[in-house]
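Enquirer: structure for this input, please:
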Amino acid sequence: MKKIIRTGVVVAMMLMGVSTFAMGSEPFVKVSAAGNKEFTLFINEVNAPAVVVSLKDISGNTLYKEVLLSKDKYSKLYDLTALPVGSYTLEVDEDTRINTWSVELSSEGLSVDLNAKKEFFKPQIVEKDNVLGISFFNKTNETLEISVLNDRNEEIFTEELAEDLVIMKQYDLSKFDRGRYTVVARTAGKSFNEVIDVK
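Expert: Residues are numbered from 1 along each chain as shown. Now for the predicted structure:
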């Protein structure tokens, strides 16, 4: 049944022409006329290929996923007629942030609360000259956990940072053995990895 639903979603997605819709760089969702089970996603500035668009069900299963490869403006009509009544999430995952909208599908049509868009800023992980820098705009006041794994996937360092609005931290890596490491930042149930080389 799940395979049928996923196939239906892919078939129902209709790619529209590039829009000249005037707006800022923020992704924008427009719901079709009342009674329809369609909405359109507009992105005015695509930082390809760092933008991933996903539609997920209430359990977090990905029903549709697209990696944007063009740097042109993006617009796409999503027709959810083939899906059962329920709650869904539209997610636009960019280089530095994730925007999500709740999509409610009923027998009468579709609704998106445009005022309830959620914006999550990703922790930024940068290494230069054996100094590891972490910065995070923590809008939801979550704890940020930083871990460093060696090339055998063994955790060699971990630290939990306070629930501050703005988190900025630097780590001196000069005492680490030379080699490749993975830095993992965990917050709000999400995990972000960055591979770095200590020289």
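
Enquirer: identify the residues contacting stretch 157-170?
Expert: Stretch 157-170 has contacts (C-beta atoms under 8 Å, 6 or more residues apart in numbering) with 123, 131-139, 141-148, 171. The C-beta positions use only the backbone N, C-alpha and C, and glycine is treated the same way.

Enquirer: shaky segments in the chain?
Expert: Residues of the chain meeting the criterion pLDDT under 70: 1-25, 33-34.

Enquirer: let's go with 50 and repeat that
Expert: Applying pLDDT under 50 to the chain flags residues 1-24.

Enquirer: could you list the domains of it?
Expert: Domains of the chain are assigned by automatic domain parsing as 2-120, 122-198.

Enquirer: possible to save those domains as JSON lines with mean neighbour count?
Expert: Formatted as JSON lines, the domains of the chain follow (neighbours: other C-beta atoms under 10 Å):
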{"stretch": "domain 2-120", "mean neighbour count": "15"}
{"stretch": "domain 122-198", "mean neighbour count": "14"}
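
Enquirer: ok, now which ones touch the residue lying closest to L68 once chain neighbours are set aside?
Expert: Nearest residue to L68 in three dimensions, chain neighbours excluded: V51, at 4.3 Å (C-beta to C-beta, 6 or more residues apart in numbering). Contacts of V51 were listed using C-beta under 8 Å, 6+ apart, and they are 43, 67-68, 74, 92-95.

Enquirer: swap the cut-off to 10 Å and go again
Expert: 27, 43, 45, 66-71, 74, 92-95 (C-beta atoms under 10 Å, 6 or more residues apart in numbering).

Enquirer: for the chain, identify the residue most remote from the centre.
Expert: Within the chain, the residue lying farthest from the chain centre (C-alpha atoms, centre = their mean) is K175, at 34.1 Å.

Enquirer: quick one: that one from D151, how far?
Expert: Note on K175: its distance to D151, by C-beta to C-beta, to the nearest Å, is 17 Å.

Enquirer: can you give me the helices in the chain?
Expert: 2-12 (DSSP state H).

Enquirer: give me the beta-bridge partners of the residue nearest the centre of it?
Expert: The centroid of the chain falls nearest to D93 when counting by C-alpha atoms, centre = their mean (2.7 Å). On the basis of DSSP bridges, D93 is bridged to V52, I98.

Enquirer: these two touch, right, it and T62?
Expert: No. In this structure, D93 is not within contact of T62 by C-beta atoms under 10 Å, at 11.2 Å.

Enquirer: between the two, which contacts overlap?
Expert: Contact criterion C-beta under 10 Å, 6+ apart; residues shared by D93 and T62: 52, 54.

Enquirer: and G189, how close does it get to E145?
Expert: Following C-beta to C-beta, the distance that separates G189 from E145 is 12 Å.
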